[in-house]
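Chemist: Starting from these lines, generate the structure:
(chains A and B)
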Amino acid sequence: MTDTLDIALPKGRLGEKVVKLLGEAGMGCELGEDSRKLVLESGDGSLRFFWVKPADVPIYVERGAADAGVAGKDVLLELGADVYELLDLGLGKCRMCVAGSPGALERPGVLRVATKFVNIATRHFQSRGRAIDIIKLNGSIELAPILGLSDVIVDIVETGTTLRENNLAVLEEIMPISARLIANKAAFRFKHEKVEALCAALSRIL
Amino acid sequence: MDEILSREERLVREFRALCSRFGYRPYRMSKFEEYDLYANNRGLLPPGGVITFTDTNGRLMALKPDVTLSIARNLAPGPGGSVRVFYDESVYRAPDRQLGFQEITQAGLEYLGEVDAYAMGEVVFLARESLDAIGPGGVLDVTHAGFINGLIGALGVSEAARGELLRCVSQRNAHGLRAACAAAGAAGAPVERLCRAVSLYGPLSENLAALAEMSVNSETENAVRTLTELAAVLRGFGALGRVNLDAAITSDTDYYDGLVFKGYIPGVPAAVLSGGRYDRVLERMGRGGGAIGFALYLNLLERLYGREPEEFAADVLLLSAGAPPEALAAAARALAAGGGSVLVQRAAGSARCRRTARLNDEGGLEYLD
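Modeler: Numbers count the residues shown, from 1 in each chain, chains lettered A, B, ... in the order given. So this is what the prediction gives:
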């Protein structure tokens, strides 16, 4: 085990916002948008960052390949990763919603739900005692109710523009979503001071 | 003889010796148990299902998913006495549904009887020593489940909201706690106190005062008193400086209801040791008395150990081609009796031995290297 704090960052827009935030907190390094390096170190060598697919961040952290990371609340809930959730970074704010044509939820019988977030959707409808048929999709979720594949969808809604353009509407809000700073449970202990310093630095600017 | 033991076996031997020095006796058990035990105590089982089968006499049996329940059912101390046992056993469950059932090897100890401050301290001390047996740099964290329960009780939230609050506690998720408290109608100083408690982490001796300062009711006071007594016993064992306070430890099951502790080792990303008081288990079985114990998850240490170094098959490879069997037997017997090991076969093949020999015309050994 090294003294360096390994931090997994999500590739893409959210990752870029996180890098900016880390820079503002005085804990960043040269992680240019065009950087093709997968692993980068801070100037003093105390932090090491690496880019991974957003949905994989909790796995890297839970399994100890990274000591800490930044992941969306949607991914954390879907995977149920056994990690510490130390800070709400307030980045990438959006909502996990049930969407569909107006009145779709009132449809009698088993509700057909298309989603990428199978666990979140199942838990949500179970808590309401509603019988559902889950249809797991990997993209273009909005297409499912339009083509009659599902009655509703469970998906992330940022502005709602895509829904409106397809004559769909938010029917229920399940929960607000944003990026969270997470830490591995063992790393929290063995690199306690570094994890606390990272939290403190980020807390100061949030 | 040490070289014929795997690292796991050496650790188990050290663990057995450690427990024996404090009056714990080995306990062997069958791999099977009547399924009723687990069907009636589902809330006490770790997640992962149970493998069942019908025995030849028609009884529904289970491969043990857990050791402690069996010990709690089968052993009881006499009046004023205690039962102190240790074990190393395999249990069978599926912690990850996608991977299916797995054999999980664990070693542990159980103390049944009146759990006074000394007994508690002794078990925590043995947990600490067990971590040291694995390797340097391990961390043992303790708390008392009553402290967080007391703080949540002081919020006055519904039973339904407690589950979400405990989930946030186990994730050290202060922002989630504030949101869950707000949704449950709690706000102000009691919420902030709970958030402060969740962030409390550090040496037990240095953090007891902070914990006492946050105490709000008889449940939290009892928790602080118990941890203070524990600290005193650990000081006597010379182990107080090697135990941390972590108020955010929660149990995955209904098992542990008082003192709870977890152990970590550098290089392993999850807790390798888990333990605590489980008086509630005995209560559920219609018995009184106290109980405390811990388990060391040996299967998690595989990654830490890496590959075992390649061993020699024997000290001497004795080539048998063309030699009279009687002379071979005499030579092999002499080598083994001399404290070494011998492998007799026609040709070297892929066998790795320290030395290679054959019999000369007089029946004596002739080393070829």
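Chemist: rest of the way, CA atoms for contacts and neighbours
Modeler: Will do.
Chemist: what's the longest strand in chain A?
Modeler: strand A:169-177 (DSSP state E).
Chemist: Can you give me the neighbour number for A:Val19?
Modeler: 21 (other C-alpha atoms under 10 Å in any protein chain shown).
Chemist: Distance of it relative to B:Tyr255?
Modeler: 42 Å (C-alpha to C-alpha, to the nearest Å).
Chemist: Show me which residues of chain A sit near chain B.
Modeler: A:1, A:62-64, A:82-88, A:184-187, A:189-190 (C-alpha under 8 Å from any C-alpha of the partner chain).
Chemist: among those residues, which are in helices?
Modeler: A:Glu62, A:Lys185, A:Ala186, A:Ala187, A:Arg189, A:Phe190 (DSSP state H).
Chemist: which one among those residues gets closest to A:Ile174?
Modeler: A:Glu62 (25.1 Å; C-alpha to C-alpha).
Chemist: give the contact list for residue 68.
Modeler: Defaulting to chain A. Counting by C-alpha atoms under 8 Å, 6 or more residues apart in numbering or on different chains, A:Ala68 makes contact with A:Leu5, A:Asp6, A:Ile7, A:Ala8, A:Val61, A:Leu181, A:Ile182, A:Ala183, A:Asn184, A:Ala187, A:Val195.
Chemist: try again with chain B
Modeler: B:Thr68 touches B:Glu110, counting by C-alpha under 8 Å, 6+ apart.
Chemist: how far away is it from chain A?
Modeler: Distance check for B:Thr68 against chain A: by C-alpha to the nearest C-alpha, to the nearest Å, it reads 24 Å.
Chemist: Tell me the spacing between the residue nearest the centre of chain A and B:Gly236.
Modeler: Residue closest to the average C-alpha location in chain A (C-alpha atoms, centre = their mean): A:Gly72, at 1.8 Å. Per C-alpha to C-alpha, A:Gly72 is found 47 Å from B:Gly236.
Chemist: got the residues of chain B near chain A?
Modeler: Counting by C-alpha under 8 Å from any C-alpha, the residues of chain B near chain A are B:139, B:170-175, B:264-271.
Chemist: Which of those residues fall within helices?
Modeler: B:Ser170, B:Ala174, B:His175.
Chemist: per-residue confidence for the residue of chain B at minimum distance from chain A?
Modeler: Nearest residue of chain B to chain A (C-alpha to the nearest C-alpha) works out as B:Gln171 at 4.3 Å. On pLDDT, B:Gln171 comes in at 95.
Chemist: I figured it hits A:Glu85, correct?
Modeler: Yes. Using C-alpha atoms under 8 Å, B:Gln171 is in contact with A:Glu85, at 5.4 Å.
Chemist: Between these two, which has more neighbouring residues?
Modeler: Neighbour comparison, B:Gln171 and A:Glu85: the larger count goes to A:Glu85, with 27 against 23 (by other C-alpha under 10 Å).
Chemist: Specify the beta-bridge partners of the more buried one.
Modeler: Applying DSSP bridges to A:Glu85 gives these bridge partners: A:Ile182.
Chemist: pLDDT value on it, please?
Modeler: 97.
Chemist: The chain: helices as residue ranges?
Modeler: Let's take chain A. A:13-24, A:57-62, A:73-79, A:118-127, A:143-146, A:161-165, A:185-190, A:192-205.
Chemist: nope, chain B please
Modeler: Assigned by DSSP H, chain B shows helices spanning B:7-20, B:36-39, B:68-74, B:117-134, B:145-153, B:159-170, B:174-183, B:189-199, B:204-214, B:218-237, B:279-284, B:302-305, B:325-337.
Chemist: deepest of these, which one?
Modeler: Across the helices of chain B, averaging neighbours per residue (mean count of other C-alpha atoms under 10 Å in any protein chain shown) puts helix B:145-153 on top, at a mean of 22.
Chemist: packing partners for the helix or strand of chain A with the lowest mean pLDDT?
Modeler: Within chain A, confidence by mean pLDDT, DSSP states H and E is lowest for strand A:39-41 among all helices and strands, at a mean of 82. In terms of contacts (3 or more C-alpha pairs under 8 Å, 6 or more residues apart in numbering or on different chains; DSSP states H and E), strand A:39-41 is packed against strand A:47-52.
Chemist: I'd like the average pLDDT over the strand it packs on.
Modeler: For strand A:47-52, the per-residue pLDDT averages 91.
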